[in-house]
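Participant: I would like to see how this sequence folds:
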Amino acid sequence: MRVFNCDHCGHLVFFDSVQCLHCGSALAFLPDELTMAALTPAPQDGPDLWRRLGPRDATQYGGRLYRLCCNHTEHEACNFAVPSSDYSELCVSCRQTRILPDLSDPANLRRWKQIEAAKRQLFYTLARLGLEPVPGRAGPVFEFLADLPGGPAILTGHQGGTITLNVAEADDDERARRRIALGEPYRTLIGHLRHESGHFYWDQLVREGDRLEAFRSLFGDERQDYAAALDAHYARGGSGNDWFLNHVSAYAAAHPWEDWAETWAHYLHMVDLLETAASYQTAVTVPDPHMALRHHVTDPFATSHPDFQDMVRQWVPLTLMLNSLNRSLGQDDAYPFALSSGAMVKLRFVHDLVQGVQPTPADPAQPLASAV
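Facilitator: Presented below is the predicted three-dimensional model:
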């Protein structure tokens, strides 16, 4: 996720900012332009309307009109804006959520806010890849549910275009308990959403995109019994010691669908981290007594067709530095994976497929016609 600048005063702001700490302007993210913007109330133009403020030194500026997402005005749970021509009370991200937990419970309200924040981050990355909203199709819908006494356990997953998430995953202690119980090195809200979005886009890009045979030749035949494959995976306590030869994670070895979803999530990890590092103009020098190599990180969205090998050459030293920084603070590795050549081939498949869907990535300086 790139960092932004207040378009009124130029001060550094972030994707989840709601106010510029330098000039005091109200801030909102504009999904139709994929950028942060300073807004000023415009009651003269209509109730609850805000106008884009524009540069401080502009003498005349006719900024577009927006409304704040009602999840911001009612719950302080969103910082996306809605174009005035769009009559929905919810922004394009929040309106994808179909079912909420009981928000009268303060714990559920807190959990829901955290999950929506992660979902907005997912929306941004997918939109930058040209995948959100899905051209000509409905996007995924989300159900955020809480376990109820005596009721069935809520399982995180995807089915028929609906992504379900147990809101308990927003609790650090519960997420850590499940991660340890399942022997996972990594478990986060954004990781869950990226993984489950992979199942959604498998339907859209592989099954309906006439890429099944290419998929099966690399990931395996998804027609094998899914439930039996997962039962076997957990019965043997994982996927053996050689899963890393061809998979990004042990869970990916359970079934071709999970292999795809885990690989998809890793690809989104890659483009997001590279974009973040590039926005800080990061360069990484890998120490070597004979020939140290300096890697300049470039924005994967800066060109129409980013080269996958260039991305990998930047990604590897970047994750080494990231993990080293975490260790210096006594934290676990932020990216606890080492990807084999077999896993990289599958990441390349995802990359090529995504690039084939939208040859020209969305420019954050230009509106997304399909999102207005």
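Participant: okay, CA-based contacts and neighbour counts for the rest of this
Facilitator: Will do.
Participant: Quick one: low-confidence residue ranges for the stretch 1-150 of the chain.
Facilitator: 58-62, 133-138 (pLDDT under 70).
Participant: Likewise for the stretch 251-372 of the chain?
Facilitator: Looking at the stretch 251-372 of the chain by pLDDT under 70, you get 357-372.
Participant: Which parts of it are strands?
Facilitator: 283-286, 293-296 (DSSP state E, counting those that start in this stretch).
Participant: can you list these in a markdown table and add distance to residue 64?
Facilitator: As requested, the strands of the stretch 251-372 of the chain are exported to a markdown table (distance: least, CA to CA, whole Å):
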| stretch | distance to residue 64 |
| --- | --- |
| strand 283-286 | 37 |
| strand 293-296 | 36 |
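Participant: Looking at these, spot the one closest to residue 33.
Facilitator: strand 293-296 (27.1 Å; CA to CA).
Participant: Kindly export the closest one (C-alpha atoms) in CSV.
Facilitator: The C-alpha trace of strand 293-296 is given here as CSV (Å, rounded to 0.1, in the frame of the first residue of the first chain):
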residue,chain,number,x,y,z
LEU,A,293,24.1,-5.9,-4.9
ARG,A,294,21.8,-2.9,-4.6
HIS,A,295,18.2,-3.4,-5.5
HIS,A,296,16.0,-0.4,-6.1
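Participant: what's it in contact with?
Facilitator: 281, 282, 283, 284, 285, 286, 287, 313, 314, 317 (CA atoms under 8 Å, 6 or more residues apart in numbering).
Participant: So in that sheet, which strands flank it, and in what orientation?
Facilitator: strand 283-286 (antiparallel) (DSSP bridges).
Participant: show me where this structure has helices.
Facilitator: 70-75, 106-128, 172-181, 189-201, 212-219, 226-235, 256-279, 308-328, 341-357 (DSSP state H).
Participant: Give me the pLDDT for the nearest residue to residue 165 once chain neighbours are set aside.
Facilitator: Leaving aside its chain neighbours, residue 165 sits nearest to residue 156 (4.4 Å; criterion: CA to CA, 6 or more residues apart in numbering). The score at residue 156 is 94. That number is its pLDDT.
Participant: Which among the helices of the chain is found nearest to residue 45?
Facilitator: helix 70-75 (18.4 Å).
Participant: Give me the neighbour count for the residue nearest to residue 165.
Facilitator: Using other CA atoms under 10 Å, residue 156 has 17 other residues around it.
Participant: residues in contact with it?
Facilitator: 163, 164, 165, 166.
Participant: is the first one in a bridge, and if so with what?
Facilitator: It stands for residue 163. With DSSP bridges as the rule, residue 163 is bridged to residue 142, residue 158.
Participant: circling back to that earlier point, out of the contacts of residue 156, the closest to residue 349 would be?
Facilitator: Nearest to residue 349 among these, with distances taken as CA to CA, is residue 163, at 23.5 Å.
Participant: Test my guess that the closest one contacts residue 154.
Facilitator: No - here residue 163 does not reach residue 154: they are 11.9 Å apart, not a contact under CA atoms under 8 Å.
Participant: When those two are compared, which one has more neighbours?
Facilitator: residue 163 (22 against 16).
Participant: quick one on the thing from earlier: now, of the contacts of residue 156, which are buried?
Facilitator: Those of those that meet the buried threshold are 163, 164, 165, 166, by 16 or more other CA atoms under 10 Å.
Participant: tell me the domain ranges of this structure?
Facilitator: 4-91, 95-371 (automatic domain parsing).
Participant: Residue 1 contacts residue 275, doesn't it?
Facilitator: Yes - look at residue 1 against residue 275 with CA under 8 Å: they come within range, at 5.7 Å.
Participant: List the contacts of residue 31.
Facilitator: Residues near residue 31 by CA under 8 Å, 6+ apart: 80, 81, 82, 92, 124, 371.
Participant: no wait, residue 331
Facilitator: So residue 331 contacts nothing (CA under 8 Å, 6+ apart).
Participant: So it versus residue 339, what's the distance?
Facilitator: As judged by CA to CA, to the nearest Å, residue 331 and residue 339 stand 21 Å apart.
Participant: Same check on residue 248?
Facilitator: For residue 248, the distance to residue 339 - CA to CA - is 6 Å.
Participant: And those two? Which one has more around it.
Facilitator: Legend: neighbour count by other CA under 10 Å for residue 248 and residue 339, higher for residue 248 (26 against 17).
Participant: My read is that the more buried one contacts residue 337, right?
Facilitator: Yes - judged on CA under 8 Å, residue 248 makes contact with residue 337 at a distance of 7.5 Å.
Participant: Distance to residue 150 and pLDDT added to the contacts of residue 156, as CSV?
Facilitator: As requested, these are arranged in CSV below (distance: CA to CA, whole Å; pLDDT from 0 to 100):
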residue, distance to residue 150, pLDDT
163, 23, 97
164, 19, 97
165, 19, 97
166, 16, 97
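Participant: quick one: which of these is nearest to residue 65?
Facilitator: Distances from residue 65 to the contacts of residue 156, taken by CA to CA, are shortest for residue 163, at 32.1 Å.
Participant: wait, doesn't residue 205 sit right on residue 214?
Facilitator: No - if you go by CA under 8 Å, residue 205 and residue 214 don't touch, sitting 11.9 Å apart.
Participant: Looking at the two, which is more packed in?
Facilitator: Legend: neighbour count by other CA under 10 Å for residue 205 and residue 214, higher for residue 205 (19 against 12).
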